[in-house]
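Undergrad: Here is my input; please provide its structure:
(chains A and B)
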Amino acid sequence: MADRSSTAPRREPELLPHQEPAVEKPARAPRNGWVGRPIERKEEQRHVRGRGKFIDDFKLPGMVHMCLVRSPYAHARITRVDVSEAEQHPGVICTLTGAEIAKLTTPYIEIGPDPSARIQDYCMAVDLARYQGEPVAAVIAISRGAAEDAAELVQVEYEPLTPVMSAEQALTDADVIHPAAGTNKVWQGTFEYGDVEQAFRDAATIVHIDRMHFHRFSSTPLENNAIIGHWDQRDENIRFWCNNSFPTIGIQLVAPALGVHIDRIRVETHDIGGSFGIKITNYPYMTLCALASRKAGGKPVKWTETRTEHMLASAHGNERTFLDTRVALDRDGVIIGIDSRHLDDCGAYPRYEPLGCVIWTQVFAGVYRFRNARINFSQAVTNKCPVGPNRGYSRMQQLWFLERCVDLCAHELGIAADEMRRRNYIRPEQFPYTTPNGCIYDSGNYPGMLKLAQERLGWEHWKKEQEKGRAEGRLIGLGIGTTLDSGTNNFGQSRIVNPHAPFSGNSQAANVKLDMYGEIVVSVGSVPQGQGHETTASQVVCDVLSVTPDMVTVRAGFDTERNVHTGHTGTYASQFAVSGLSAVHGAAQKLRKELLRLAAYALNAPEDQLELGIGKQGAEVRVRGTDRAINYWGLANIINVNNAGLPDELQDVTLNCRYTWRAPFKIPDLERKYGNLTLTYSSQLHIAVVEVDTDTGNPKILDYCAIDDCGVMINPRIVEGQVHGATAHGIGAALIENCAYDDSGNMVASTFSEYTPITSVNIPNVKYGNMETPSPHSYSGAKGMGEGGAAPVHAISAALQDALYPQGIYITESFNNGDSIFSMLAARRQGRSTAGVRTERRAK
Amino acid sequence: MPSVSTSANGLLQLQLTVNGKAVRAEVEPRTLLVELIRDILDLPGTHIGCDTSFCGACTVLLNGRSAKSCTLLAVQADGGELLTVEGLERDGKLHPVQQAFAENHGLQCGFCTPGMMISAVHLLEHEPKPSEQQIRKAIAGNCCRCTGYQNIFRSVAAAAGMMKG
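TA: Predicted coordinates for the structure are as follows:
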């Protein structure tokens, strides 16, 4: 294939002079240590023995069980709830109804501004049910079976109301879902940068795309939500054992709703069977378990969600519709301007929203150089399950939108797919790159990734196969998806949706200590769900203390009483490699300094002659080149149990070192909606080769390649695993998984048998490759990764487009299965147009 | 299969072999096999991920056949021989399938892993040299949301190699 990347486009978009990066460049870690090695995870050994500690495994003394009664209607007035028969059922301890909840709690804090701030969101429906599956009553009984039996005896009368099933319908306000707010609109704002009007005046071509739609799906962790709540009546403290994956935001919402001081709430997580963000929003169920426990006389109350409950009423990813999109291109096919209107459907309650209304702007520009763009963004409530931050949260929708724009324009202009990307990518020499909205992309090499992916896939081979296939009437397409995984977010972006939001920056804490017999113990505030934090944290500590991973204990899970959290602590937004491990690194360095000071005293030697290492008696500090050493037991002994006569200058040594890492963020310019919103930008480039069956419309992946660049890899084995996982989620979302609703508001994929998460028989073999452009924004050069930016959705949409463009079909939906493709093929065969895309060529 | 005896309180008395040990248990008629395993026998390594026998987190071997224990009644296991993840390790030595999953990063969160490994054990007991297609088919009823299955395929193939050697 001819490489035309050297022919510079005539009308290069103006690049703004780079701002001074708002982040200081950290000192780089050495590259010859444990960081960077693909070591086996510490976590594997317990899990292969079936010894993971999951919440549903916990049996506490006196524990009772909660079962929820849920609304069968998407939108209905609740006219009567009668629990009297249920309360008579053997084994039942008590019940809870919405009317009680409204007396016992206050609505959750809303993140958005007026009027959406007036939305009243309780942990149970009070007078209106607003989505199918919303809890309307709870039954607490001595066994799960008894609670389930009694729940069937709860009588609820409903008066059905018109369900509002799309953001477009919602924004008409014909039926208002939250009367207190008076409108279904949650948030609206315009993000405009550069000179959009001039770009469209200058354009050689304008491509119009009437409507595109990114569907609802969920990464559906295999472990459902599970919570044990215990309101201890002896001291009025509340304790949760749960699988919430962002418990510090959870308790910041639960405590005010319950009217208790936050210090009275203790949250523990242990092993979590996946979250992918979905478990961030299980805090209403935490609230319910606490109230149920108090009403049950202080007994611990366990609630384990069923899969059907999970599908109906946990959280789905954001659904987004893109309307009236116009793309301005110069005569070389370089995008110079974009104008579009985006509608986000956040389901029945905003909960973590409207943060999604700004989080997509972390990747406003995607991987492309355009400088002029205007996106009018609105979010609305509908009568669907509330959304939650699902893997790739809010950014993948924007990235898919941009990828579709670039891809559709390439086809319309007759420019080869790879060539179109090369002409539009941000160039490697432009990093650090400041986007039109002030985000600073730390590093990257998108053309390099494309080249590597093409080689790894065998692009030329597949182009020939495609040509051969077309001659035989086969529909084969190659699709490129280039995407970003922005990590370590600046909570200051919340001010763009609500100037009064009391959030900004980002921080994580960690503690590294020597326990009394010299054991190295690490506590982190993160809430891992399979990402291997125990392993990667140990790798970081090993490099600082010159020990081996088997000598480092990393406490698994989260516990407020370990006191290693900040208000930002959780596992979300691709950040542990940067924020979490920077905290671990900082704490380990503090401990190292203390060890050297203490050893200098113990060994009567100057610090600069000391070194850390492993001796005959384990980890030790020694005088370089001698056999004079003191091991960690000896050092821990001096501080903890043998400290008489400790000199004054060592009184501050604790060997118990907590470090809080704070990201160097500023609050964005709220007027201009401008500023750095994320610290690191991992990138992914996937290529899919897809064949569409001409008779059935069934798509089949013939080949698949995934290239990842997350800067320096802490543990390449874990990175590859995360790429595999994100790839499966994306392929499932593109072709199989759809949280579809019918017009009446019934969720039609309410079990796994209908939702059909991707399995071993429909995942292709993934040709994996890696590139490394170290981040200048982290001490290790690592970037947060794991979410994957939904690259497969982009690549598969593009591959289907490539296969079906000659049929006159435009891919404007993110979800395409055999049914929908068959419908498009049938429509074309009947001569009907399938979608509104048109290209306006100017005489330039 | 012996007939199930009923105690005075209406509970059914079962006898079965679990991970090589004879056990007795009393269950309600409606008790599911997975509930017997997790709640009564206190073997929490067998998990529950769905309610339509799609996901396979509850997979065990019952009389040598892989079975989804959420879809069987406990009484159906009476007189039978049950193998759960807790029974794979023998004399402190991991089963080759466990070893291979650990070495090949064939898991992330660990929730599907017990059921997934049981399906792999079942496959390798019947097909010591499985093709990729046979591996894919053998775990088609076991859903994993973390790994994208790539390292699971590698793990099962590696286990086959270890068992052969």
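
Undergrad: A:Ala734 is in what secondary structure piece?
TA: Following DSSP states H and E, one finds A:Ala734 within helix A:716-735.

Undergrad: Let's see that helix as PDB, backbone CA atoms only.
TA: C-alpha atoms of helix A:716-735 as PDB (Å, rounded to 0.1, in the frame of the first residue of the first chain):
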ATOM      1  CA  PRO A 716       2.900  -6.600  31.300                       C
ATOM      2  CA  ARG A 717       1.000  -9.800  32.200                       C
ATOM      3  CA  ILE A 718      -1.700  -7.700  33.900                       C
ATOM      4  CA  VAL A 719      -1.800  -5.100  31.100                       C
ATOM      5  CA  GLU A 720      -2.300  -7.800  28.500                       C
ATOM      6  CA  GLY A 721      -5.100  -9.300  30.600                       C
ATOM      7  CA  GLN A 722      -6.800  -6.000  30.900                       C
ATOM      8  CA  VAL A 723      -6.600  -5.500  27.200                       C
ATOM      9  CA  HIS A 724      -8.100  -8.900  26.600                       C
ATOM     10  CA  GLY A 725     -11.000  -8.100  29.000                       C
ATOM     11  CA  ALA A 726     -11.700  -4.700  27.600                       C
ATOM     12  CA  THR A 727     -11.700  -6.200  24.100                       C
ATOM     13  CA  ALA A 728     -14.200  -8.800  25.000                       C
ATOM     14  CA  HIS A 729     -16.500  -6.200  26.600                       C
ATOM     15  CA  GLY A 730     -16.300  -4.100  23.400                       C
ATOM     16  CA  ILE A 731     -16.900  -7.000  21.000                       C
ATOM     17  CA  GLY A 732     -19.800  -8.100  23.100                       C
ATOM     18  CA  ALA A 733     -21.200  -4.600  23.200                       C
ATOM     19  CA  ALA A 734     -20.800  -4.100  19.400                       C
ATOM     20  CA  LEU A 735     -22.400  -7.300  18.300                       C
END
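
Undergrad: Which elements pack onto whichever helix or strand comes after that helix?
TA: Under the assignment DSSP H and E, the closest C-terminal helix or strand after helix A:716-735 is helix A:752-755. In terms of contacts (3 or more Cβ pairs under 8 Å, 6 or more residues apart in numbering or on different chains; DSSP states H and E), helix A:752-755 is packed against helix A:307-313. For glycine as for every other residue, the C-beta is placed from the backbone atoms N, C-alpha and C.

Undergrad: Need the contact partners of the helix or strand following the helix it packs on.
TA: Toward the C-terminus, helix A:307-313 is succeeded by strand A:319-329 as the next helix or strand (DSSP H and E). The contact list for strand A:319-329 (Cβ atoms under 8 Å, 6 or more residues apart in numbering or on different chains) reads A:166-168, A:199-200, A:202-216, A:335-345, A:372, A:384, A:387, A:397, A:401, A:405, A:408-409, A:413.

Undergrad: do that again at 6 Å, thanks
TA: A:167, A:199-200, A:203, A:205-209, A:211-214, A:216, A:335-345, A:397, A:401, A:405, A:409 (Cβ atoms under 6 Å, 6 or more residues apart in numbering or on different chains).

Undergrad: by contact count, what packs against the helix or strand that it is followed by?
TA: Later in the chain than strand A:319-329, the nearest helix or strand by DSSP H and E is strand A:335-345. Applying 3 or more Cβ pairs under 6 Å, 6 or more residues apart in numbering or on different chains; DSSP states H and E, we find strand A:335-345 packed against helix A:196-202, strand A:319-329, strand A:372-380.

Undergrad: just how off-centre is strand A:335-345 within its chain?
TA: Distance of strand A:335-345 from its chain centroid, counting by Cα atoms, centre = their mean, to the nearest Å, is 22 Å.

Undergrad: List the buried residues in it.
TA: Within strand A:335-345, the residues that qualify as buried are A:335-340, A:342-345, counting by 16 or more other Cβ atoms under 10 Å in any protein chain shown.

Undergrad: Please apply the same query to stretch A:811-830.
TA: By 16+ other Cβ under 10 Å, the buried positions in stretch A:811-830 come out as A:811-817, A:820-822, A:824-825.

Undergrad: Check stretch A:654-674 too.
TA: Within stretch A:654-674, the residues that qualify as buried by neighbour count (16+ other Cβ under 10 Å) are A:655-659, A:661, A:663, A:665, A:667-668, A:673-674.

Undergrad: need the residues you listed in TSV with secondary structure, distance to chain B and pLDDT, can you?
TA: What follows is those, written out as TSV (DSSP: H, G, I helix; E, B strand; the rest coil; distance: Cβ to the nearest Cβ, whole Å; pLDDT from 0 to 100):
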residue	secondary structure	distance to chain B	pLDDT
A:Leu655	coil	32	98
A:Asn656	strand	30	98
A:Cys657	strand	30	98
A:Arg658	strand	28	98
A:Tyr659	strand	27	98
A:Trp661	strand	25	97
A:Ala663	coil	26	96
A:Phe665	coil	30	96
A:Ile667	coil	36	96
A:Pro668	coil	34	97
A:Lys673	coil	35	98
A:Tyr674	strand	37	98
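
Undergrad: Any idea what residue 82 is bridged to?
TA: With no chain named, the answer covers chain A. A:Asp82 forms beta bridges with A:Gln155, as assigned by DSSP bridges.

Undergrad: meant chain B, my bad for not saying
TA: Going by DSSP bridges, B:Leu82 is paired in beta bridges with B:Val18, B:Leu62.

Undergrad: and it, what pLDDT?
TA: Looking at B:Leu82, its pLDDT is 98.

Undergrad: Next: B:Val4.
TA: For B:Val4, pLDDT reads 81.

Undergrad: and if you look at B:Asp51?
TA: 86.

Undergrad: And for it, the neighbour number?
TA: 18 (other Cβ atoms under 10 Å in any protein chain shown).

Undergrad: So it: helix, strand or coil?
TA: coil (DSSP: H, G, I helix; E, B strand; the rest coil).

Undergrad: I'd like to know how far it sits from B:Met116.
TA: 19 Å (Cβ to Cβ, to the nearest Å).

Undergrad: quick one, what contacts the residue of chain B found nearest chain A?
TA: Distances between chain B and chain A by Cβ to the nearest Cβ are smallest at B:Gly45, namely 2.2 Å. Residues in contact with B:Gly45 (Cβ under 6 Å, 6+ apart) are A:50, B:85-86, B:114.

Undergrad: What residues does chain A have near chain B?
TA: Taking Cβ under 6 Å from any Cβ of the partner chain as the measure of proximity, chain A contacts chain B at A:44, A:47-48, A:50, A:52, A:57, A:221-223, A:273-274, A:306-307, A:529-530, A:717, A:721, A:724-725, A:727-728, A:751-753, A:757, A:759-761, A:763, A:766.

Undergrad: Can you say which of these are buried?
TA: Members of the residues of chain A next to chain B classed as buried by 16+ other Cβ under 10 Å are A:44, A:47-48, A:50, A:52, A:57, A:221-223, A:273-274, A:306-307, A:529-530, A:717, A:721, A:724-725, A:727-728, A:751-752, A:757, A:759-760, A:763, A:766.

Undergrad: And the helices in the stretch 551-700 of chain A, which stretches?
TA: Here the stretch 551-700 of chain A has its helices, by DSSP state H, counting those that start in this stretch, at A:581-603, A:632-640.
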